[in-house]
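[1] next come a sequence and a model predicted from it.
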Protein chains: 2
Amino acid sequence: MSVPVERTKSGFHQRRWVALSGGVGGAKLSLGLARILGDRLTVIVNTGDDFEHLGLHISPDVDTAIYTLAGLVNPETGWGRRDETWTFMSAIAQLGGPTWFKLGDADLGMHVERTHRLRAGESLTAFCADACRRFGIAACVIPMSDDRVRTVVDTDRGTLAFQEYFVREQCQPTVRSIRFHGAEGARPSAPVLAALADPELGGIVVCPSNPFLSIDPLLAIPGLRDAVLASGVPVIAVTPIIAGRAVKGPAAKIMRELGLEPDAVSISGHYRGLIDGFVLDACDTGQERQIGVPTLVVNTLMRTLDDKIELARACLGFCERLVARPGRAQAHARAKAGS
Amino acid sequence: MSVPVERTKSGFHQRRWVALSGGVGGAKLSLGLARILGDRLTVIVNTGDDFEHLGLHISPDVDTAIYTLAGLVNPETGWGRRDETWTFMSAIAQLGGPTWFKLGDADLGMHVERTHRLRAGESLTAFCADACRRFGIAACVIPMSDDRVRTVVDTDRGTLAFQEYFVREQCQPTVRSIRFHGAEGARPSAPVLAALADPELGGIVVCPSNPFLSIDPLLAIPGLRDAVLASGVPVIAVTPIIAGRAVKGPAAKIMRELGLEPDAVSISGHYRGLIDGFVLDACDTGQERQIGVPTLVVNTLMRTLDDKIELARACLGFCERLVARPGRAQAHARAKAGS
């Protein structure tokens, strides 16, 4: 059941693929995948970072994915828009409004239009689909859920909403635990479930995003986690840690604070039971022996578009050579039957 | 009662003054008044033009007044901000959002911050007071009411919300009548009533704004109209029509459509019973004989800051020489007693 016969016959262009993604790192690999797969790619994006700011619904990871796939992202930062202007923020500062979260003028178009449409009853999923179409993105970028999930970080300075921790406090507080408010009751949208149950699905790629802040929120949604486990296709994860350091963001710092060694072994261990293969960086050659699933050792640092496409192609090829652990689906079925 | 003894002894700097204003024309005279009077000026501004757009509370006339008095207004248009950028509108267009109402990036700061604070329970009056303080405006700019009043235009193309008529349809439809939804039940805010009942009040200047679209909404609020009538100080109006043409906007067109001659005589007639004096343009010399109240004939076209200050000084001096019609307050008192 886990490996349909036709899957081994055809190349990865003939099947559909799912990426699970957070912000910048995930968006980079998603872009590589999208360049190869076009409309055969669905990127399911974390919305635990979403928040209301100045009365606007901000979806940082979804926007990073969309801007990146549309070729509109700021190449300096990996988030926000290129050729951005900042006149709005100056006006907000003049009026004594909050300035700790920077909203560019073009970026603001997304937030205002999204907030307006959400208030009018449109779903975040529908808005994303429309934005992708208008930005000329062939791939499908969808939020993990239309229900409200909010990442909350318990720290030595108290409990902080994600953006308070991440942007306002610049990840300085020491993390004690991370929770995902609303995740237990959240449902994946129909397109998320359809993508994961697609009979043409070739595999699922967990992008090199922060496992604790960006991927765990997706997996904390029971229906989404179950759909990944039940998919019957190989699931691989790509390390966000290279040589003991996060390519971007606080992953390594958080891992130390949670008592974990910031390395590929710990990351792969975090995904134990979920993944059938793990992609680690060539810098970490040697660690593959301590990883309990098949590994691929490649360059995972994505500086150029070619880097992104090359890593994406390696991931797809790696997935092709794997089989989904039969135990995973069975264990899942048993759990379902027993519940 | 109508002319306190000390009023004739002191210059207009020693008293307080109120201006009733719409958008661009009213803001220009308000700026002239503000340069002379500083914090002794209260500008009560029309909010019948206010509307919700893209989920934001837009107050066009209030913003024009604030930007003008802050020295931030776009000198080309008389509304919006100088040194504006338009990146937001490009993004909205990319997303298929509405583009008929242009929102500059800096201007948007005002709308987003205002909407956010109104949703948090702050009044429009309080927001304006804070904005004035932050923009360094000594005068007090306040909306006519914190209650919702919406100007609606009945036209040959149906009933249109004000901004639909004014901006989207560019005043093309033929006006049949104008109504102010909510005005009958609206209350002036405490600062509006305090300004009009101030024992130091020297006079009330109806700015050269469109009487039908910009001043009538204020007067349609019973409590505001009553407070003007009961003020016991001279009320003067400045013509927005020069040589049969509106300096800006559709006043002349609307007057013809309503069966009125677009001239100073008609404008002064529209304010009959309210005003004690009328200011008409030197171009219209001769019409003063048909105007039933004392007149002042001066240059009313305000091109430069000096023009604005000169007209403002002339208006204040004119007010000084007038006495409030005793009949106005008495008629008002009789009406009150009879009601």
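    Nice, I can see it.

[2] name the residues of stretch A:90-101 that are buried.
    Buried residues in stretch A:90-101, defined by neighbour count with 16 or more other CB atoms under 10 Å in any protein chain shown: A:90, A:91, A:92, A:94, A:95, A:97, A:101. In this view, the C-beta of every residue, glycine as well, is placed from N, C-alpha and C.

[3] same for chain B: which of those residues are within range?
    Residues shared between the buried residues of stretch A:90-101 and the neighbourhood of chain B are A:90, A:91, A:92, A:94, A:95, A:97 [CB under 8 Å from any CB of the partner chain].

[4] how about those in JSON lines, adding pLDDT and secondary structure?
    JSON lines is the format used below for these (pLDDT from 0 to 100; DSSP: H, G, I helix; E, B strand; the rest coil):
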{"residue": "A:90", "pLDDT": "97", "secondary structure": "helix"}
{"residue": "A:91", "pLDDT": "98", "secondary structure": "helix"}
{"residue": "A:92", "pLDDT": "98", "secondary structure": "helix"}
{"residue": "A:94", "pLDDT": "97", "secondary structure": "helix"}
{"residue": "A:95", "pLDDT": "97", "secondary structure": "coil"}
{"residue": "A:97", "pLDDT": "97", "secondary structure": "coil"}
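
[5] relative to residue B:187, which of the residues you listed is nearest.
    residue A:95 (26.4 Å; CB to CB).

[6] can I assume the closest one is in contact with residue B:134?
    Yes - in this structure, residue A:95 is within contact of residue B:134 by CB atoms under 8 Å, at 5.9 Å.

[7] tell me where chain A has strands.
    A:16-21, A:41-45, A:51-53, A:56-58, A:140-143, A:150-155, A:158-161, A:175-181, A:201-206, A:235-238, A:241-242, A:245-246, A:277-281, A:295-298 (DSSP state E).

[8] of the ones next to chain B among the buried residues of stretch A:90-101, which is the nearest to chain B?
    Each of those was scored against chain B by CB to the nearest CB, and residue A:91 proved nearest at 2.5 Å.

[9] skipping adjacent residues, who's closest to the closest one in space?
    Nearest residue to residue A:91 in three dimensions, chain neighbours excluded: residue B:109, at 2.5 Å (CB to CB, 6 or more residues apart in numbering or on different chains).

[10] then residue A:188?
    That would be residue A:224: by CB to CB, 6+ apart, it lies 4.4 Å from residue A:188.

[11] wait, what's in contact with residue A:125?
    The contact partners of residue A:125, by CB atoms under 8 Å, 6 or more residues apart in numbering or on different chains, come to A:142, A:143, A:146, A:189, A:191.

[12] which residue is the nearest non-sequential neighbour of the residue in the stretch 151-300 of chain A that chain B sits nearest to?
    Scanning the stretch 151-300 of chain A for the residue nearest chain B gives residue A:163, at 15.9 Å (criterion: CB to the nearest CB). Spatially, and ignoring its direct neighbours in sequence, residue A:163 is nearest to residue A:51 (5.0 Å; CB to CB, 6+ apart).

[13] re earlier: wait, isn't the residue nearest to residue A:188 in contact with residue A:192?
    Yes - applying CB under 8 Å, one finds residue A:224 in contact with residue A:192, separated by 6.3 Å.

[14] hmm, residue A:285 and residue A:242 touching each other?
    No - using CB under 8 Å, residue A:242 makes no contact with residue A:285, being 11.5 Å away.

[15] can you map out the helices along chain A?
    A:5-9, A:24-37, A:60-69, A:87-94, A:105-119, A:124-134, A:162-163, A:190-196, A:216-219, A:222-229, A:251-257, A:264-270, A:305-321, A:326-338 (DSSP state H).

[16] follow-up on the earlier one: now the contacts of residue A:125 as CSV including distance to residue A:230, neighbour count and pLDDT?
    Listed next are the contacts of residue A:125 as CSV, based on distance: CB to CB, whole Å; neighbours: other CB atoms under 10 Å in any protein chain shown; pLDDT from 0 to 100:
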residue, distance to residue A:230, neighbour count, pLDDT
A:142, 19, 29, 97
A:143, 21, 26, 98
A:146, 21, 21, 98
A:189, 17, 23, 93
A:191, 17, 19, 97
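
[17] just the pLDDT for residue A:325.
    pLDDT recorded at residue A:325 is 74.

[18] hang on, isn't it packed against residue A:276?
    Yes - counting by CB under 8 Å, residue A:325 touches residue A:276, with 5.4 Å between them.

[19] looking at those two, which is more packed in?
    Between residue A:325 and residue A:276, counting by other CB atoms under 10 Å in any protein chain shown, residue A:276 is the more crowded of the two (22 against 19).

[20] tell me the contacts of the closest residue to the more buried one other than its chain neighbours?
    Excluding the flanking residues, the one nearest residue A:276 by CB to CB, 6+ apart is residue A:234, at 4.5 Å. Counting by CB under 8 Å, 6+ apart, residue A:234 makes contact with A:203, A:204, A:276, A:277, A:319, A:322, A:323, A:324.

[21] ok, the residue nearest to residue A:163 to chain B distance?
    14 Å (CB to the nearest CB, to the nearest Å).

[22] over to residue A:320?
    For residue A:320, the distance to chain B (CB to the nearest CB) stands at 37 Å.

[23] who's the closest spatial neighbour of that residue, skipping the chain neighbours?
    Using CB to CB, 6+ apart, the closest residue to residue A:320 is residue A:12 (6.0 Å).

[24] tally up the residues packed near the one you found, please.
    Residue A:12: 21 neighbours (other CB under 10 Å).

[25] same check on residue A:175?
    21.

[26] residues in contact with stretch A:31-40?
    For stretch A:31-40, using CB under 8 Å, 6+ apart, the contacting residues are A:12-13, A:15-17, A:19, A:41, A:43, A:68-69, A:137-140, A:205, A:302, A:305, A:307-313, A:315-316.

[27] and the pLDDT at the residue of the stretch 201-339 of chain A found nearest chain B?
    Distance from chain B to each residue of the stretch 201-339 of chain A (CB to the nearest CB) is smallest for residue A:305, at 22.2 Å. As predicted, residue A:305 sits at a pLDDT of 97.

[28] what's the answer for residue A:218, then?
    98.

[29] got a list of what the residue lying closest to it once chain neighbours are set aside touches?
    Among residues not flanking residue A:218 along the chain, residue A:144 sits closest, at 4.6 Å (CB to CB, 6+ apart). Residues in contact with residue A:144 (CB under 8 Å, 6+ apart) are A:44, A:45, A:46, A:47, A:186, A:188, A:192, A:217, A:218, A:221, A:224.

[30] ok, residue A:16 - how many residues close by?
    19.
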